[in-house]
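> Sharing a model prediction with you, sequence too.
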Amino acid sequence: MRLSHFALAILTVVLFGCAETARAPEANDTVSRSDGPRILAIGDSLMAWHGLTGQSIAHSVARDLQEPVRNKAVSGAHVIYRLPISGAMGMKIANQFDEGDWDWVVLTGGGNDLWLGCGCRRCERKLDKLISQDGRKGAIPGMLARIRQTGARIVYVGYLRSPGIGSGIDECRSEGDVLEGRIARLAAFADGVYFLSLKDLVPEGDRSYHGIDMIHPSVKATAEIGKRVAELIRQEDQKRD
């Protein structure tokens, strides 16, 4: 039996939760603006994972920068998503973005489009719909352009690699490399867009950066990814000071 759009939307909220503001335990609530966080995190499970325990990538960024980070990422979210109600509630990554006075948007996305959308096989058409070979056309450039129009700078975080030990996403390695290569190409010419690759994060044979499913990040991984994101933001902020 198929779920109605309404039921699917409710299920999305129940399973994946609502937006939260990640804060460092010792962080002062005062940041660069008086009305809330200046950093927004959106995306899929890479960004959402360990959110309920306060150990997501957003929490790691908040701890390292000592300022709050708003996290609206939803596990299972896609870049290309057609269902209107659940899409509006966050299953479409672009809809997680709240236009506002953000300095930075940290995001992930595209992995579910390949893994769940085409099984990481014969995904050429899906890849082209996500982002063209030159990085200038597709759903991802369109999403980033909308965010950049608000003045926010973007950190696009790549995906963890398999450590060479059985994982349900091993078959996605080559498609993932193509996707990230195109995003990196876009970031090379798009002002205010930075691609953060995680290709070098996981040592061969090291299971400690993945959860028990060997797909999602461990707490160790989210902490390390958050540090890398925070360092990039810190360096770019210092250039403007």
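On my side now, so go ahead.
> what about the helices in the protein?
For the chain, the helices defined by DSSP state H cover 5-16, 45-48, 57-65, 84-86, 111-115, 124-130, 139-148, 173-189, 219-240.
> Mind listing residues that contact the longest one?
Helix 219-240 is touched from outside by 39, 46, 49-50, 53, 55-61, 63-65, 103-104, 106, 153, 155, 157, 160, 194, 196, 198, 201-202, 208-210, 217, with contacts defined as C-beta atoms under 8 Å, 6 or more residues apart in numbering. Backbone N, C-alpha and C define where each C-beta goes, glycine included.
> from these, which would you call buried?
39, 46, 49-50, 55-61, 63-65, 103-104, 106, 153, 155, 157, 160, 194, 196, 198, 201-202, 209-210, 217 (16 or more other C-beta atoms under 10 Å).
> will you turn the helices of the chain into a markdown table that also has mean pLDDT?
What follows is those, written out as a markdown table (pLDDT from 0 to 100):
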| stretch | mean pLDDT |
| --- | --- |
| helix 5-16 | 40 |
| helix 45-48 | 97 |
| helix 57-65 | 98 |
| helix 84-86 | 84 |
| helix 111-115 | 92 |
| helix 124-130 | 96 |
| helix 139-148 | 98 |
| helix 173-189 | 96 |
| helix 219-240 | 97 |
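> list the buried ones in stretch 182-195?
Counting neighbours by 16+ other C-beta under 10 Å, one finds that the buried residues in stretch 182-195 are 182-187, 190, 193-195.
> Same question for stretch 106-116.
So stretch 106-116, judged by 16+ other C-beta under 10 Å, has buried residues 106-115.
> Contact partners for the most centrally placed residue in the chain?
Centroid-nearest residue in the chain, with C-alpha atoms, centre = their mean: residue 108, separated by 2.0 Å. Residue 108 makes contact with 43-44, 46-47, 73, 156-159, according to C-beta under 8 Å, 6+ apart.
> Done for today, thanks.
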